[in-house]
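In: fold the stuff below for me.
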Amino acid sequence: MSPLSRRGFVGAGIAAGAGLVIGFYLPHKGGSERDSFSPNAYLRITPDNKVTIVVARSEMGQGVRTALPMILAEELEADWKQIEIEQAGASTLFGDQTTGGSASIRTTWDPMRKAGATAREMLISAAALTWGVPRSGCMAENGHIRHAATNRSLSYGDLVGKASTLPIPSDVTLKQSKDYKIVGQRLARVDSPSKVKGEAVFGIDFRLPGMKYAVLSRCPVIGGKVASFDDKDSKKIGGVSFVGKVGDSAVAVMADSVWGAMEGRRVLNVNWDEGPNKDLTTAAVMASLKQVASKKGANMYSSGEPAKAAGRHISAEYTLPFMAHAPMEPGNCTASYQASKCELWAPTQVPQDCRESVATAIGLDPDQVKVNVTLMGGGFGRRLEHDYAVEAALVSKAINAPVKVVWTREDDMRFSTYRPASIHQLSATLDGSGYAVGLTHRIIAPSISGQKGQPVPNGVDPDLPDEAGPVYGVPNYLIEYVMAETPVPLGWMRSVYALQAAFALESFIDELAVAAGKDPLQYRLHLLAKDQDLPYFTTTWKTSRMRGVLQLAGEKAGWDKPLPAGHYRGVACFGCFASYMAEVVEISMENGAPRVQRVVAAVDCGQVVNPSILEQQIQGGIVYGLANALRAKITIEKGRVVQGNFDDYAPLRMEETPTVEVYAVSSPEAPTGIGEPSVPPIAPAVCNAIYAATKKRIRALPILS
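Out: Residues are numbered from 1 along each chain as shown. Have a look, this model is predicted:
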């Protein structure tokens, strides 16, 4: 990280005002620093002692508005109460502003620390010059610089004027973890008070004077279009003032209220051109996956020669359905179009993509579109799309006035993008003791990136290197990907392919343990007993770290202790987004269905910035993943998505929610991803517990299908 000079910063066109401003670069997943350094985040300290961090990550419940300032404040030696975070909108100035892939902390750890340390060193230099003393006698603490010999002290605000005239150091010393005062502490989230008081503004809360409301009638068949429409009944509804096509596949109805717009849509008469997918069914989609399964797959990981391994052979096939994101806050966006400009207020994970898509749709240059990022009532990857922003901009342009487009729950369920359906073919060769010496995992699934027209290098979806790597040091091990196609619109959903790969692999490992007559936890630990590095694309998975989380989860769950009568356990582990996760699930069976009583989760995600946020993320991921495992299933009939609301796509209810215990392995490594790694192990752990209870193996999700 090369801190930007003050001259370079001002040259970038940002008015800093009084105080000290340092620009720095926050890379994203897969991003790299370019030769021409361009900042995308800023640290600003003003004479009134306010410390502000301007960052480009969106807050969707994961706690970045607390965790990111903690990292910088640690190195800055700031008073935590002085720290504020300012949300950046879409800008060509910024690098990749995408919030996703569990990347916010892991890609910003070093840059944030270096920015804080850089400002700290400049403030120390400013104090030394002010007092005419050597720098070595000055130290930073709690938002002040103190001279040890005389105990004189100046606040950061007192020093920013002089500090801003100094050269920015090219190299700074970072603190060691043993000296951390802020990082690692359970500091309260800065966004919680406003949410508790109802003052926080989510996308659906935002209002503009004179704003109208619109809902859209979309073709119910995937890929269908509007043939014609009759709006005479819609315009009889009080408050309805506009009805018009939006793109090829939808008609917007606008009114003075959401209810008025919904009523206008209810009586709207639309004739649809249902197109080529009018007879599409889930059965046909799965048959197409079966058809391509025989094709040669792209090699993602290989060690030894599984086909030549000698011993007992076992194989199994697992399937997963399409799944919906189903965030609590449905799609929405507010747009205000005014001739040569358009401003948006969007709950988005991709402000730059929103800006680009909107600019193209309404015929403006990207610089003429301003995107303000609001809070999100859940994202889970759904807000990586920008369809709702384009709709709002098109309607606003049509009426030349501000409008909020609101999706109903049924809209959000039936006209969304979906986690791909997939088939997993696994085979293993067991030695005389029953342990796997050969393992093959073939993943047959459509490519999200491929469907969206993005590159698929060497036939491998670009998400798979982060989400479907090797877990065990099996001497003969092969992971292949066979890319399929589907007309069902696909999207990135929390943990993406990792949930699918983990369900298949960890269910199969349990099958191998049963075939060998071994304890499922001990079987896994045996496969991980040898310290090995497993290179996988740009990541190297370490069996020692996976072994560590398995041992910790087993210990905390009391794996070797007897359970109450009628209770059963299952275990699973997986690694994704550079983190290691193991979960032990305890269930009881009630009326033939599992009730999850307790989940013990152990994680190795490197340095923990805030233990409370870590626990919240893992607990939320487990609840989300458990709902997916039990009931989540999107089906297609006659080209239409069948499910429409939380009655037939039910989330986990409060009374179903288990106790979730979270434990972190102490690690000196840099932080890794945490928003998604807790999701993949929960489904196989539950299914393995069900087998322990019933001796019935579940090879297809959802469990309660």
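In: show me what contacts residue 427?
Out: Counting by Cβ atoms under 8 Å, 6 or more residues apart in numbering, residue 427 touches 306, 313, 314, 315, 316, 438, 439, 440. In this view, the C-beta of every residue, glycine as well, is placed from N, C-alpha and C.
In: out of these, who's nearest residue 641?
Out: Proximity of these to residue 641 (Cβ to Cβ) peaks at residue 316, which lies at 29.4 Å.
In: for stretch 348-358, give the mean pLDDT please.
Out: The average pLDDT within stretch 348-358 is 95.
In: I'd like the contacts of residue 427 as CSV, with secondary structure appended.
Out: Formatted as CSV, the contacts of residue 427 follow (DSSP: H, G, I helix; E, B strand; the rest coil):
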residue, secondary structure
306, helix
313, strand
314, strand
315, strand
316, strand
438, strand
439, strand
440, strand
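In: who wins for neighbours among those?
Out: If you count neighbours using other Cβ atoms under 10 Å, the busiest of the contacts of residue 427 is residue 439, which has 28 neighbours.
In: so that one touches residue 426, yeah?
Out: Yes: counting by Cβ atoms under 8 Å, residue 426 is a contact partner of residue 439 at 7.5 Å.
In: closest one of the contacts of residue 427 to residue 79?
Out: Nearest member of the contacts of residue 427 to residue 79, counting by Cβ to Cβ, is residue 439, at 53.3 Å.
In: need the nearest residue in space to the closest one, chain neighbours excluded.
Out: residue 474 (4.5 Å; Cβ to Cβ, 6 or more residues apart in numbering).
In: for that neighbour, give me its contacts.
Out: Residues near residue 474 by Cβ under 8 Å, 6+ apart: 303, 436, 437, 438, 439, 527.
In: contacts only, for residue 391.
Out: 214, 216, 246, 247, 250, 252, 333, 405.
In: revised request: answer the last question for residue 460.
Out: Residue 460 neighbours (Cβ under 8 Å, 6+ apart): 298, 300, 481.
In: strands - which of the residues you listed land there?
Out: The strands, defined by DSSP state E, take in 298, 300, 481 from the contacts of residue 460.
In: most neighbours of all those, which one?
Out: Going by other Cβ under 10 Å, residue 481 tops the ones in strands among the contacts of residue 460 with 24 neighbours.
In: pLDDT below threshold where in the chain?
Out: Low-confidence segments of the chain, defined by pLDDT under 70: 1-18, 25-41, 92-95.
In: assign a three-state SS to residue 352, would you?
Out: helix.
In: buried residues in the helix or strand harbouring residue 429?
Out: Take DSSP states H and E as the rule and residue 429 turns out to sit in strand 422-430. Applying a neighbour-count criterion of 16 or more other Cβ atoms under 10 Å, one finds 422, 423, 424, 425, 426, 427, 428, 429, 430 buried in strand 422-430.
In: that one pairs with which strands, and in what direction?
Out: strand 312-320 (antiparallel), strand 436-446 (antiparallel) (DSSP bridges).
In: leaving out the residues flanking it, which one is nearest to residue 468?
Out: Excluding its sequence neighbours, the residue lying closest to residue 468 (Cβ to Cβ, 6+ apart) is residue 501, at 4.0 Å.
In: what's the next secondary structure element after the helix or strand harbouring the one you found?
Out: Residue 501 belongs to helix 497-516 when assigned by DSSP H and E. Counting by DSSP H and E, the element after helix 497-516 in chain order, helix or strand, is helix 520-527.
In: what's that following helix in contact with?
Out: Contact partners of helix 520-527, identified using Cβ under 8 Å, 6+ apart, comprise 435-436, 472-474, 509-510, 512-514, 516, 518, 547, 550-551, 554, 559, 570-571, 573, 584, 688.
In: now stretch 222-237
Out: In contact with stretch 222-237 (Cβ under 8 Å, 6+ apart) are residues 217, 219, 240, 243, 245, 248-251, 253, 255, 260, 263-265, 267-278, 280, 487-489, 636, 639-641.
In: again, but for stretch 687-702
Out: Residues lying outside stretch 687-702 but in contact with it, judged by Cβ under 8 Å, 6+ apart, are 316-321, 503, 506-507, 510-511, 514, 520, 568-572, 585-587, 589, 594, 628-633, 683, 703.
In: what do you get for stretch 303-311?
Out: 427, 429-432, 437-440, 470, 474-478, 534.
In: endpoints of it, how far apart?
Out: 17 Å (Cα to Cα, to the nearest Å).
In: buried stuff in it?
Out: By 16+ other Cβ under 10 Å, the buried positions in stretch 303-311 come out as 303, 306, 309, 311.
In: just say helix, strand or coil for the residue nearest the centre of the chain.
Out: When Cα atoms, centre = their mean is applied to the chain, the residue found nearest the centroid is residue 100 (4.0 Å). Following three-state DSSP, residue 100 is assigned to coil.
In: ok, it - contacts?
Out: Counting by Cβ under 8 Å, 6+ apart, residue 100 has contacts 29, 349, 350, 379, 381, 384, 492.
In: now with 10 Å, please.
Out: 28-29, 57-58, 60, 349-350, 379-381, 383-384, 492, 494, 496, 675-676 (Cβ atoms under 10 Å, 6 or more residues apart in numbering).
In: for the contacts of residue 427, which one is nearest residue 162?
Out: For these, the nearest to residue 162 is residue 439 (63.0 Å; Cβ to Cβ).
In: who's that closest one bridged to?
Out: Residue 439 forms beta bridges with residue 428, residue 477, as assigned by DSSP bridges.
In: quick revisit: make JSON lines out of the contacts of residue 474 and add distance to residue 620.
Out: Listed next are the contacts of residue 474 as JSON lines, based on distance: Cβ to Cβ, whole Å:
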{"residue": "303", "distance to residue 620": "35"}
{"residue": "436", "distance to residue 620": "33"}
{"residue": "437", "distance to residue 620": "38"}
{"residue": "438", "distance to residue 620": "37"}
{"residue": "439", "distance to residue 620": "32"}
{"residue": "527", "distance to residue 620": "30"}
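In: what's the closest of those residues to residue 394?
Out: Using Cβ to Cβ, residue 439 is the member of the contacts of residue 474 that lies nearest residue 394, at 50.6 Å.
In: for residue 567, the count of nearby residues, please.
Out: 17.
In: go ahead and confirm it touches residue 590.
Out: No: under the criterion of Cβ atoms under 10 Å, residue 567 is not in contact with residue 590, lying 11.5 Å apart.
In: quick check: angle from the helix or strand harbouring residue 693 to helix 520-527?
Out: Using DSSP H and E, residue 693 sits within helix 682-694. Note on geometry: by axes from the mean of the first three to the mean of the last three Cα atoms, to 10 degrees, helix 682-694 and helix 520-527 are set 130 degrees apart in direction.
In: put the alpha carbons of helix 682-694 into CSV.
Out: Provided in CSV are the C-alpha atoms of helix 682-694 (Å, rounded to 0.1, in the frame of the first residue of the first chain):
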residue,chain,number,x,y,z
ILE,A,682,-24.9,-26.9,8.8
ALA,A,683,-26.9,-29.0,6.2
PRO,A,684,-24.5,-32.0,6.2
ALA,A,685,-24.2,-31.9,10.0
VAL,A,686,-28.0,-32.0,10.4
CYS,A,687,-28.3,-34.8,7.8
ASN,A,688,-25.6,-36.8,9.5
ALA,A,689,-27.4,-36.4,12.8
ILE,A,690,-30.6,-37.6,11.1
TYR,A,691,-28.7,-40.7,9.9
ALA,A,692,-27.5,-41.3,13.5
ALA,A,693,-31.1,-41.2,14.6
THR,A,694,-32.9,-43.1,11.8
